[in-house]
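Asker: just the structure for this:
(chains A and B)
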Amino acid sequence: MTEPILRGVHLTKRFLIGKGVVAVNQVSMEVMPGEFLAITGPSGCGKTTLLNLLGGLDRPTHGEVVLDGHKYSRMSENQLARLRRTKVGFVFQFFNLLSDLSAAENIALPMRLTGLSQREIGKRVESLLEAVGMLDRANHSPFELSGGEQQRVAIARALANNPAVVLADEPTGNLDSRNGQEVINLFRKFNRELGQTFVVITHDPEFAQSADRVITMRDGRVVGEAGHCDTAC
Amino acid sequence: MIQHVKTVGAAAASGPLVLPLALRHIRRNLSRSLFLVVGIGLLVYVYLLSGSYMGRATGLALKDVAAPPLPADMVFLKNAGNFISGSKALKAWAEVNSFEELYIWETETSVGQVRTAALVTDGSMLRQRMTLAAGQWFSDAKQVLLPAGLAQAAGLGVGDSFHLLRYSSGRAVATELTVIGLYQISDLLLNGPILAPGALGLQGPTQGNTIISDVRAGRSVSTAARKTANYLEADRVITQEAAREYAARLISGSFSTTRQAVFLTFILGGLGILNIKLLAFLQRKRKMGILKAVGLDNVEMVSLLLLEGLILFLVGATVGATAAAITVEVLNRTAAEPYAISAFQLVLAIVLAMLVFLMAAWLPARLCQKATVDQLLHNRRVYVNPNPSCAQCGRCGGF
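Answerer: Residues are numbered from 1 along each chain as shown, chains lettered A, B, ... in the order given. The predicted structure is shown next:
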């Protein structure tokens, strides 16, 4: 039986705002290797907080996250950072590319942290740029790229180190429908062709429809779960 | 094909990632970086120039103090009058040191009372006589009669002038004295010299200080001063070297306001730099968040911030030191007395500027270290102490 690549166990996150807000409340979930999981729900229901907990960007108040056998609670901040650079890729709603760097340099950034040789980095960047259809825009700065192009570069960056899981927070939320569709297609392509595991937060029904499984959240809790296929679920 | 990757990759392959990132950030934020460089440069410049000015003023003052030294070892007493009248300790010292007796006498001369003190190694001075061997008696307060033996040893003759250090009103001043005559002291009975050669010091008008010298052969001035001081605690014993040091301290003390101003400049400059660094941190929160998200650990994040600061500091310090050196060079073309920047001043300026910069860089680095990716990416407040109680208190407002 295949082990889940990512597992959240009784995750709770309480923010100390006023009397305290419980953004995520006792959420347990598993993500299988190669799975395309979508998380939906109304704004403020705790989706992004849950994603941050799963990606090790934030620490849960209670509960445990296990990524590829690594328990976050037993790791220091630096260990967590090193785990993120190799095992997790992030795609954000607002792209979050470094404006000081070109498209190619943005993609190269996570690889440079792992100590890959210049030659390997160059080859990998080239193949990723080609995969996202941005080879001709490699040396452009982020502000010279459209929103859709920036998001494609962000996806390539997330995939740079062949991460165990890519976590995406509303990747089409800031794009028009055409660019949004291109991004959805890219996610599908990398999931099906490369077997890349994705956890995606989305409000886009079409995007959710593309996923293998959809988790619905409300008020910090998982209130529904539905599968669209049985291939990797 | 992908030139940029290769360009940046070259640095990444050979060294840590933070250096090219730091350089890139400095280049992209050139105006702010230049502002910081100018700030640091100004601190170093002000420090070095003020130090050079103070050093020059001290040197000028000491030049007066450092009048040509007497060839004989001299010990000066602050208040010889008191010393003479209450000289039991010195009498004891004279006995211990093989001087049989201390003689002090006053003589009425044509120019007033002359007070003389002598340490005598043998004989009696009950019936002594001072006779002029050459020159004449006093006709002015700045004139001095020397014992013929001392004058010979010092290479001084009638009409020669020399400088004598005097401690007066809390300041060391040099007095120019002119040798008006040479004398010999003879025992009326034995008709011969009764003082050991060189055992007698100078004598002169009672205006100013009476001088005693212990010029026994082989005794250094510092030894004589120290030995005398042991028995004369109430009196200040000043050698020429000590006088110079004292004068240097006095002059240095007179620059305390200048020093405080320079110190204040450093503090204010440091606060300004801290402000700029904090502003830079606030404006770069998102970028920091991205870097953290892609896997930069805290050490690398802090290194990045400190390295940026270090580069700017080094450039600024170099610019400031170079500007100060050029200014000094220009000033020296017209100034009669040269300005100078000592190596010690340079090192101290760089160390102080570095401390200021490190202190200014510490808070942003600490904030960046403690911030979560979520706080950075979503511009949420960051507290220096990540402990929840810090955020709950929130009095500092976070950054």
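
Asker: under a three-state scheme, what state does the closest residue to chain B within chain A occupy?
Answerer: Proximity of chain A to chain B (CB to the nearest CB) peaks at A:Arg85, 2.3 Å away. (Each C-beta comes from the backbone N, C-alpha and C, glycine too.) With DSSP: H, G, I helix; E, B strand; the rest coil as the basis, A:Arg85 sits in helix.

Asker: next, the buried residues of stretch A:78-86.
Answerer: A:80-86 (16 or more other CB atoms under 10 Å in any protein chain shown).

Asker: actually stretch B:367-381, sorry about that
Answerer: Across stretch B:367-381, burial judged by 16+ other CB under 10 Å covers B:367-377.

Asker: any buried residues in stretch A:142-162, and which?
Answerer: The neighbour-count check on stretch A:142-162 (16+ other CB under 10 Å) flags A:142, A:145, A:147-161 as buried.

Asker: okay, it in PDB with CA atoms only?
Answerer: Provided in PDB are the C-alpha atoms of stretch A:142-162 (Å, rounded to 0.1, in the frame of the first residue of the first chain):
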ATOM      1  CA  PRO A 142       9.100  39.900 -14.000                       C
ATOM      2  CA  PHE A 143       7.800  43.400 -14.700                       C
ATOM      3  CA  GLU A 144       8.300  42.800 -18.400                       C
ATOM      4  CA  LEU A 145       6.100  39.800 -18.300                       C
ATOM      5  CA  SER A 146       2.300  39.500 -18.200                       C
ATOM      6  CA  GLY A 147       0.500  38.000 -15.300                       C
ATOM      7  CA  GLY A 148       0.000  34.700 -17.000                       C
ATOM      8  CA  GLU A 149       3.700  34.600 -18.000                       C
ATOM      9  CA  GLN A 150       4.800  35.400 -14.500                       C
ATOM     10  CA  GLN A 151       2.700  32.600 -13.100                       C
ATOM     11  CA  ARG A 152       4.100  30.200 -15.600                       C
ATOM     12  CA  VAL A 153       7.600  31.200 -14.500                       C
ATOM     13  CA  ALA A 154       6.400  30.800 -10.900                       C
ATOM     14  CA  ILE A 155       5.300  27.200 -11.700                       C
ATOM     15  CA  ALA A 156       8.600  26.500 -13.300                       C
ATOM     16  CA  ARG A 157      10.300  27.800 -10.200                       C
ATOM     17  CA  ALA A 158       8.100  25.600  -8.000                       C
ATOM     18  CA  LEU A 159       9.200  22.500 -10.000                       C
ATOM     19  CA  ALA A 160      12.800  23.400 -10.100                       C
ATOM     20  CA  ASN A 161      14.100  20.900  -7.500                       C
ATOM     21  CA  ASN A 162      11.600  18.200  -8.400                       C
END
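
Asker: off-centre distance for it?
Answerer: From the chain centre to the centre of stretch A:142-162 is a distance of 13 Å (CA atoms, centre = their mean, to the nearest Å).

Asker: ok, stretch A:100-114 next?
Answerer: Centre to centre, stretch against its chain (CA atoms, centre = their mean), the figure for stretch A:100-114 is 17 Å.

Asker: that older thread, next up, the contacts around the residue of chain A closest to chain B.
Answerer: With contacts defined as CB atoms under 8 Å, 6 or more residues apart in numbering or on different chains, A:Arg85 is in contact with A:110, A:113-114, A:161, B:294-296.

Asker: just the ones of the residues you listed in helices?
Answerer: Among the contacts of A:Arg85, the ones falling in helices (DSSP state H) are A:110, A:113, B:294.

Asker: which one of the buried residues of stretch B:367-381 is nearest chain A?
Answerer: Nearest to chain A out of those is B:Val373 (CB to the nearest CB; 3.9 Å).

Asker: phi and psi next, for the residue lying closest to that closest one once chain neighbours are set aside.
Answerer: Nearest-residue entry for B:Val373: A:Leu57, 3.9 Å, with adjacent residues in sequence omitted and distances by CB to CB, 6 or more residues apart in numbering or on different chains. A:Leu57 adopts backbone torsions of phi -80, psi -20, taken as degrees, to the nearest 10.
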